[in-house]
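1. Please work out how this folds:
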Amino acid sequence: MTRFKEFLARKNIVFSARRYGIDALGAMAQGLFCSLLIGTILKTLGQQLGWAFLTDIGAYAMAVSGPAMAVAIGYALKADPMVLFSLAAVGWAANAEGGAGGPLAVLVIAIVAAECGKAVSKETKVDILVTPAVTIFVGVALAKLIAPPIGSAAGAFGLVIDHATKLQPFWMGIAVSVLVGVALTLPISSAAICSVLGLTGLAGGAAVAGCCAQMVGFAVMSFKENRWGGLVSQGIGTSMLQMPNIIRNPRVWIAPTLTAAITGPIATCVFGLEMNGAPINSGMGTCGLCGQIGIWTGWLAPSEAAIEKGAAAITPTGFDWLGLVLICFVLPAILAPAINAVCRRLGWVKDGDLTL
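-> Take a look at the predicted model:
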């Protein structure tokens, strides 16, 4: 057992929730962003502007989302170069075999393939053959065996959330908005979670609302402490910057979380706000305005995941645009500081508690 532990340490193979649930998951979201998400944006812009060249660029970027996710996961796991490059084939196979739940299949399979590849890397004199062979064989074999059921399970769970939100838009609007918003601020990837679950439609709209409540809420209510730099870094960056303050005083999280509980059902019940772009957008909030871009692209050209759930292109009305602006920007900017002011009066939050 001691030798095995020494071997794992030498190979930098760490079995931990942080390595797989935070590092790998977060990296997967970055891989998705650099392929599927940016590709969707470029393709939609090309279609709307009539620029075939731009449309093609977007389509090419979208096509390599599987390899991009797998390579990003390998990078997070500190894989050796031979392993890292071999993961491109693994990601393609897992994403293709996983169908609607491809991202979850890629996450699981790329982790296993990467760790197996790391285990044999530089252990033989024919490393250039052994390492890629083991990595690709393990990954593609697993893709054939377990990617379809993994994809089906993820897709089914996403459908359950989607149908439940349609049947109970008020309560599910609260639940989805709060949970995804909380995930956004925690050191895990809400974008990856939404992508894994294929979260679109009303549920996607509620998710966007929750993320915006956290990001815009924290940015505005901490303006006194953090000024313009904090407004930008949290408002279009990430509310995760507040995690050290949340650990020190969890009550600073009350305002944005309650805001999410309010804006979520307003999004689902009042405005019928749907996010039918790429599912990853549902967990992005105002980060680079990706949540809003996802809603816009979903109006004009719904993603495949949204189309499978019955989405269709629409011409947005003034009411749609009003809902987008209120849910994503105006209401969080008003509600979170107001609720936080009450917390301050109660002595739960003090000056300096939100300083970055």
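2. CA atoms for contacts and neighbours, from now on please.
-> OK.
3. Low-confidence ranges, the stretch 1-150 of the chain, go.
-> 100 (pLDDT under 70).
4. Helices of that one, residue ranges please.
-> Using DSSP state H, counting those that start in this stretch, the helices of the stretch 1-150 of the chain run over 2-10, 17, 25-32, 38-49, 52-63, 65-76, 81-98, 102-120, 127-167.
5. Let me know which of those helices is tucked in deepest.
-> Ranked by mean neighbour count, the helices of the stretch 1-150 of the chain are led by helix 65-76 with a mean of 28 (mean count of other C-alpha atoms under 10 Å).
6. In the stretch 201-350 of the chain, where is pLDDT below threshold?
-> If you take pLDDT under 70 as the line, the stretch 201-350 of the chain has no such spans.
7. hmm, back to that, who wins for proximity to residue 269 among the helices of the stretch 1-150 of the chain?
-> Each of those was scored for nearness to residue 269 using C-alpha to C-alpha, and the closest is helix 127-167 (9.6 Å).
8. gap between the closest one and the chain center?
-> Centroid separation for helix 127-167 versus its chain: 17 Å, with C-alpha atoms, centre = their mean, to the nearest Å.
9. cool, and stretch 330-344?
-> Distance, stretch centre to chain centre, for stretch 330-344: 26 Å (C-alpha atoms, centre = their mean).
10. picking that back up, out of the helices of the stretch 1-150 of the chain, flag the one nearest residue 182.
-> Between residue 182 and the helices of the stretch 1-150 of the chain, the shortest separation by C-alpha to C-alpha is 15.1 Å, and it involves helix 25-32.
11. Now do that closest one and helix 52-63, the angle between them.
-> Taking axes from the mean of the first three to the mean of the last three C-alpha atoms, to 10 degrees, one finds that helix 25-32 is oriented at 150 degrees with respect to helix 52-63.
12. re earlier: just tell me which of the helices of the stretch 1-150 of the chain ends up closest to residue 273.
-> Judging the helices of the stretch 1-150 of the chain by C-alpha to C-alpha, what sits closest to residue 273 is helix 127-167, at 11.6 Å.
13. Next secondary structure element downstream of that closest one?
-> Once the chain leaves helix 127-167, the next helix or strand it forms, by DSSP states H and E, is helix 169-185.
14. Which strands and helices lie in contact with that following helix?
-> helix 127-167, helix 190-197, helix 201-221, helix 254-265 (3 or more C-alpha pairs under 8 Å, 6 or more residues apart in numbering; DSSP states H and E).
15. ok, residue 294 - contacts?
-> With contacts defined as C-alpha atoms under 8 Å, 6 or more residues apart in numbering, residue 294 is in contact with 275, 276, 277, 278, 281, 282.
16. try residue 118
-> Contact analysis of residue 118 by C-alpha under 8 Å, 6+ apart lists 11, 13, 79, 80, 83, 131.
17. ok, back up a step: tabulate the helices of the stretch 1-150 of the chain in CSV, adding columns for distance to residue 235.
-> As requested, the helices of the stretch 1-150 of the chain are exported to CSV (distance: least, C-alpha to C-alpha, whole Å):
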stretch, distance to residue 235
helix 2-10, 39
helix 17, 28
helix 25-32, 19
helix 38-49, 20
helix 52-63, 27
helix 65-76, 25
helix 81-98, 32
helix 102-120, 27
helix 127-167, 27
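18. Go through the ones you listed and name the closest to residue 215.
-> helix 25-32 (17.6 Å).
19. Now do the closest one: everything it contacts.
-> For helix 25-32, the external contacting residues (C-alpha under 8 Å, 6+ apart) are 65, 68-73, 75-76, 107, 188-189, 191-192, 280.
20. Just want the angle from that helix to helix 190-197.
-> Using the same axes, to 10 degrees: helix 25-32 against helix 190-197 is 80 degrees.
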